[in-house]
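Student: Kindly generate the corresponding structure for this input.
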Amino acid sequence: MSDVLPGGPETAPAPPPAKHGWLNFAIDFGPLLVFFLTYKFTSGGTGAFAATTGAIKGTVAFMVAIVIAMAVSKWKLGKISPMLWMSGVLVIGFGALTIWFHDERFIVMKPTIIYAAFAALLLGGYWFGKPMLKYLLQSALDGVTEQGWLLLSRNWGLFFAALGIANHVMYELIEAKRMSFDLWLTIKVWGVTALSFLFTLSQLPVMLKHGLAVPDEAALDKQA
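Tutor: Modelled structure (predicted):
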């Protein structure tokens, strides 16, 4: 997820489009893509430790990329979202464990912990009537009502919980030698990214019902 969801009150002028939508996307998914590419290009050997060596190199590249992403976010967007902070801390922490123990399983475990943490935070907030997604994203969805944010928090909490369960199942399959690290990584980079995008689109009706503004044709003509 990123801070690129547009919004505003239905009775007020539509806000300008996000100027850094592509940058948000790069900050969110760039480090993971760096890891994927580094792993693919450095684990092509035939030795017993070829895949692990590629994973270690990919982990180092991932750690550097997430630090750069946080720096760019602060420089260009003026902030580092809580979600990016949490992801950065876990990437660096589990990356260090991966390098120290020379064990790629720590890479597979990390998403489960991230998803579980976000699910607990969002669903816990929903239980107590607090729209935690609004604070995590620090997004400029001024038009979305508190009820809308609360529903979005619940929905994303359930989505993260499902992702966490799915990732844990894949971790167990890898432990049982019934699934390869390569397949897990492909699913993580491409499958989860596509699934997250589709889930974001599925939440548009909720946002529209609870205050999301849509730019009118006149505004779009002026921007063109």
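
Student: What about the nearest residue to Ser87 once chain neighbours are set aside, how many residues nearby?
Tutor: Nearest residue to Ser87 in three dimensions, chain neighbours excluded: Ile114, at 6.4 Å (C-beta to C-beta, 6 or more residues apart in numbering). To be clear about C-beta, it is placed using only N, CA and C from the backbone, and glycine gets the same treatment. By the criterion of other C-beta atoms under 10 Å, Ile114 has 21 neighbours.

Student: go on, the one 10 residues further on?
Tutor: The local packing count at Gly124 equals 13, with neighbours defined by other C-beta under 10 Å.

Student: what's it in contact with, if anything?
Tutor: Shown in contact with Gly124 (C-beta atoms under 8 Å, 6 or more residues apart in numbering): Met132.

Student: same deal with His168?
Tutor: So His168 contacts Thr112 (C-beta under 8 Å, 6+ apart).

Student: where exactly do the helices run in the chain?
Tutor: Secondary structure of the chain (DSSP state H): helices located at 21-42, 50-72, 82-101, 105-127, 132-137, 146-175, 181-186, 192-202, 204-209, 217-223.

Student: now those helices in CSV, with mean pLDDT?
Tutor: Listed next are those as CSV, based on pLDDT from 0 to 100:
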stretch, mean pLDDT
helix 21-42, 80
helix 50-72, 84
helix 82-101, 85
helix 105-127, 92
helix 132-137, 82
helix 146-175, 94
helix 181-186, 90
helix 192-202, 91
helix 204-209, 86
helix 217-223, 44
